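*Asks:* Provided below for reference: sequence and predicted model.
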Amino acid sequence: MTNIRKLTALTRAGIIEALQFRLGTIVTLLGNLIYLALVYYLWKAIYASSGMDVVNGMTFYDTMIYLVLATAMFNLLEVFVIWDMSRSIQSGEIIMHLLKPMRYRLYTFWSYSGSHVISFFLTFLPTFVLVFIITKGAIPLGMNLVYFVLSLILALMINYNVEMLVAPICLYTESTWGVNIVKETIVLLLSGATIPLSFFPEGIRKVVEYLPFRAIYDIPLSILLGKAGKSSIGSVGGCLCIQIFWIVLLSIFGNLFWNRAVKKITVNGG
Amino acid sequence: MYNCSLAYNILINIKTSKCFCGKCDSVTRRIIMTDKAIVMKNVSKEFKVLNRHEGLKGSLRDLFSRDYKSIMAVNNVSLTVDKGEIVGYLGPNGAGKSTTIKMMTGVLEPSSGEILVNGLVPYRERTKNSESIGVVFGQRSQLWWALPLIESFKLLRDIYLIPQKDYDDMLDLYRSLVDIEPIINKPVRQMSLGQRTLSDILAAFLHNPGIVFLDEPTIGLDVSMKSRIRDLIKGLNEVKGTTVILTTHDMGDVDALCRRIVIIDDGQKIYDNDIDHLKTYFGSYRTLKMRLSDDTWIEKEIDESRTDVMQEILSAQKEKGVRDIRLEEISTEEVIRKIYEGEKSA
């Protein structure tokens, strides 16, 4: 049984480490502003050209709130498992991680946890407060916030599991860049992080419903915006169950794949 | 239960003794763990590498090639290390030292043979094995780059679940052995190579592991830092009884630390004995230096098992007249060089 002390120690170290790079946070916030300005004008043009106030059941206002929060979530969820793993495999640094008295997947996850905590408080929370003030209460305040935090943590785990499922591919391809870009694009598009899922054509939306990516951005945001329980999204409890289902499934496959891949290091020496 | 194998039998002896009273038949059985830190039996490691071809055409061909050749990095090595020993594990570059160390730590799986480290099969129970070993790989660091050293120590304390008291005692011990004050609050990325290596060694010993593997720990360090690191390793070995496996190319390390040395070359063990025996490996060599009457020094390497030193001096005295004599022990470095070169040409 893994001692909780091991895990919180890694979180703590991650927080201290993240705080050493204050400048990085400011740069991230600035980058977000530029990205959001782009998104604002793009969608403004889309709504203007459609000539309607409500497109696919969402007003311009709804879309903007959704996308701003999705961007903030993206900063929060962003991990560099694929980069870090491939770099440490190439440099041989990975043996230092393999020689920690913890299982590698667990160790890596908790090593990142501190930076998630920091970006929650330094980027997500300020963005949320800002959106809340500007939209003057378009976001309901209530139990949905509690469910959202829960769902956010689950989303974090799904996202990490997707990364951990993809990362060992680098052991076979020896190229990281391509693998990473493909993963990034698929996740951002199919999760609803760049375009709200309700804008997808009916057929594709049906397919996306059965993929894990929706559970990373769309489910937490729907819960936060109070859309869960209404319309087609399903109840809050159902949403959380879907997320847990994906975590279990992805971590089983991730574990199997990782155990196979790590043999490549231990048998061939990387 | 781990299936009884040859290696396991070495590690555990079951002693049966009859009751002292001599009247009854009761028998006590005791399991005695012998003092073996590491047991390796006929361990080999084979790597498969693709036969690469030259040029563009060759590279294209390599894409579809199934032409693998296998390299025996470690070939049938058996080795037993007692608890508390410092063993110098030597060999020329590419001899298979690091491969052996990696197999002992569990990050490499041997192709054949058996390894037991602290009674565990390292590659099967890598995580568990990691709890009772410490590792320093020369150019790598296990410390957290951006954090001050003390934070890395605290993190290791929690990851290895070291009780606070043991942790404090260990830091006190460190303070008594080296001056850690200048580095303890310094972020690792701002450290010099010497300070970083020192820190890494301290980190490897922090959880008081039974065995510490040091793979070229003094590489690239200045003379004074080297001697501080040697003192530290020696001190920790004496106080804590830690088994140390040390690979190095610096014979100063070997002379300062190791009683026993193991030499491998081309994956095969070619020497395993005391350092004192090493000097007689090629016979008892000494260097005889003589200053002759014409004020020139001549140097002769003498094998005392075959030639008599006095005879040499006498004959030189008769021929040219000897003004001064110096007799020098052959250095470890020279013997090792001879061994490496001898094995290559053989």
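*Replies:* That came in fine, so what should we check first? Numbering: from 1, shown residues only, chains lettered A, B, ... in the order given.
*Asks:* against residue A:113, how distant is residue A:11?
*Replies:* Distance, residue A:11 to residue A:113, using Cβ to Cβ, to the nearest Å: 4 Å. Every C-beta, even on glycine, is put in place using the N, C-alpha and C of the backbone.
*Asks:* out of those two, which sits in the more crowded spot?
*Replies:* For residue A:11 versus residue A:113, the count of surrounding residues by other Cβ atoms under 10 Å in any protein chain shown is larger for residue A:113: 21 against 17.
*Asks:* who touches the helix or strand the more buried one falls within?
*Replies:* Per DSSP states H and E, residue A:113 falls inside helix A:104-119. Helix A:104-119 is contacted from outside by A:2, A:6-7, A:10-19, A:25, A:28, A:75-79, A:81, A:84-85, A:97-98, A:100, A:156-157, A:160, A:164, A:254-255, A:258, A:262, using Cβ atoms under 8 Å, 6 or more residues apart in numbering or on different chains.
*Asks:* chain center to that helix: distance?
*Replies:* In terms of Cα atoms, centre = their mean, to the nearest Å, the centre of helix A:104-119 is set 13 Å apart from its chain centre.
*Asks:* what's the mean pLDDT across that helix?
*Replies:* On average, the pLDDT along helix A:104-119 is 92.
*Asks:* if you average the pLDDT over the helix or strand following it, what comes out?
*Replies:* Once the chain leaves helix A:104-119, the next helix or strand it forms, by DSSP H and E, is helix A:125-134. In this model, helix A:125-134 has an average pLDDT of 88.
*Asks:* which helices and strands does whichever helix or strand residue B:334 is part of pack with?
*Replies:* Here residue B:334 sits within helix B:332-345, counting by DSSP H and E. In this structure, helix B:332-345 packs against helix B:251-257, strand B:260-265, strand B:268-274, helix B:275-278, with contacts taken as 3 or more Cβ pairs under 8 Å, 6 or more residues apart in numbering or on different chains; DSSP states H and E.
*Asks:* who's in contact with the closest residue to residue B:121 other than its chain neighbours?
*Replies:* Excluding the flanking residues, the one nearest residue B:121 by Cβ to Cβ, 6 or more residues apart in numbering or on different chains is residue B:115, at 6.6 Å. Neighbour list for residue B:115: B:7, B:38, B:39, B:40, B:41, B:43, B:103, B:104, B:121, B:122, B:123 [criterion: Cβ under 8 Å, 6+ apart].
*Asks:* against chain A, how distant is the last one?
*Replies:* It stands for residue B:123. According to Cβ to the nearest Cβ, to the nearest Å, residue B:123 stands 6 Å off from chain A.
*Asks:* leaving out sequence neighbours, find the closest residue to that residue.
*Replies:* Of all residues not flanking residue B:123 in the chain, residue B:109 sits nearest, at 4.3 Å (Cβ to Cβ, 6+ apart).
*Asks:* pLDDT of stretch B:136-149, averaged?
*Replies:* Here the average pLDDT along stretch B:136-149 is 89.
*Asks:* and it, C-alpha only, in CSV?
*Replies:* Extracted in CSV, the C-alpha atoms of stretch B:136-149 (Å, rounded to 0.1, in the frame of the first residue of the first chain):
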residue,chain,number,x,y,z
VAL,B,136,24.8,7.5,-8.0
PHE,B,137,25.3,7.4,-11.7
GLY,B,138,28.2,9.7,-12.4
GLN,B,139,26.7,12.2,-14.8
ARG,B,140,23.1,11.9,-13.7
SER,B,141,21.3,13.4,-10.8
GLN,B,142,18.4,12.2,-8.8
LEU,B,143,18.0,15.6,-7.2
TRP,B,144,15.3,18.0,-8.0
TRP,B,145,16.9,20.6,-10.2
ALA,B,146,15.0,23.7,-9.2
LEU,B,147,14.8,22.9,-5.5
PRO,B,148,17.3,23.7,-2.7
LEU,B,149,19.2,20.6,-1.6
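*Asks:* where does pLDDT dip in the chain?
*Replies:* The chain I'm using is chain A. A:1-2, A:228-234, A:268-270 (pLDDT under 70).
*Asks:* think we crossed wires, I meant chain B
*Replies:* B:1-35, B:281-284, B:343-346.
*Asks:* residue nearest the centroid of it?
*Replies:* residue B:246 (2.4 Å; Cα atoms, centre = their mean).
*Asks:* which residues touch that residue?
*Replies:* Residues in contact with residue B:246, defined by Cβ under 8 Å, 6+ apart, are B:86, B:87, B:88, B:89, B:214, B:217, B:233, B:253, B:254, B:257, B:258.
*Asks:* between the host helix or strand of it and strand B:260-265, how many degrees?
*Replies:* Element membership for residue B:246 (DSSP H and E) is strand B:243-247. Between the axes of strand B:243-247 and strand B:260-265, defined by axes from the mean of the first three to the mean of the last three Cα atoms, to 10 degrees, the angle is 40 degrees.
*Asks:* now the closest residue to chain B within chain A: closest residue in space, sequence neighbours ignored.
*Replies:* Evaluated by Cβ to the nearest Cβ, chain A has residue A:9 as its residue closest to chain B, separated by 3.2 Å. Using Cβ to Cβ, 6+ apart and skipping the chain neighbours, the partner closest in space to residue A:9 is residue B:158 (3.2 Å).
*Asks:* the one you found against residue A:100, yeah?
*Replies:* No: taking contacts as Cβ atoms under 8 Å, residue B:158 lies outside contact range of residue A:100: 11.8 Å.
*Asks:* what residue in the stretch 101-250 of chain B comes nearest to chain A?
*Replies:* residue B:158 (3.2 Å).
*Asks:* which positions in the stretch 151-300 of chain B make contact with chain A?
*Replies:* Within the stretch 151-300 of chain B, the positions lying close to chain A (Cβ under 8 Å from any Cβ of the partner chain) are B:151, B:154, B:155, B:157, B:158, B:159, B:160, B:161, B:187.
*Asks:* show me what contacts the first one?
*Replies:* Under the criterion of Cβ under 8 Å, 6+ apart, the contact list for residue B:151 reads A:13, A:16, B:144.
*Asks:* in PyMOL, select just the buried ones from those.
*Replies:* The PyMOL command for the buried members of the contacts of residue B:151 (criterion: 16 or more other Cβ atoms under 10 Å in any protein chain shown) is given here:
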select buried, (chain A and resi 13+16) or (chain B and resi 144)
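*Asks:* list the residues that contact residue B:234.
*Replies:* Going by Cβ under 8 Å, 6+ apart, the list of residues near residue B:234 reads B:86, B:256, B:257.
*Asks:* chain B: helices as residue ranges?
*Replies:* With DSSP state H applied, chain B shows helices at B:6-11, B:55-64, B:97-105, B:126-131, B:149-159, B:164-177, B:181-184, B:193-205, B:223-240, B:251-257, B:275-278, B:309-319, B:332-345, listed in chain order.
*Asks:* what's the most buried one of those?
*Replies:* helix B:97-105 (a mean of 25; mean count of other Cβ atoms under 10 Å in any protein chain shown).
*Asks:* between that helix and strand B:268-274, how big is the angle?
*Replies:* Orientation note: helix B:97-105 sits at an angle of 80 degrees relative to strand B:268-274 (the same axes, to 10 degrees).
*Asks:* for the helix or strand harbouring residue A:11, name the packing helices and strands.
*Replies:* Assigned by DSSP H and E, residue A:11 belongs to helix A:4-20. Helix A:4-20 makes packing contacts with helix A:104-119, helix B:149-159 when contacts are defined by 3+ Cβ pairs under 8 Å, 6+ apart.
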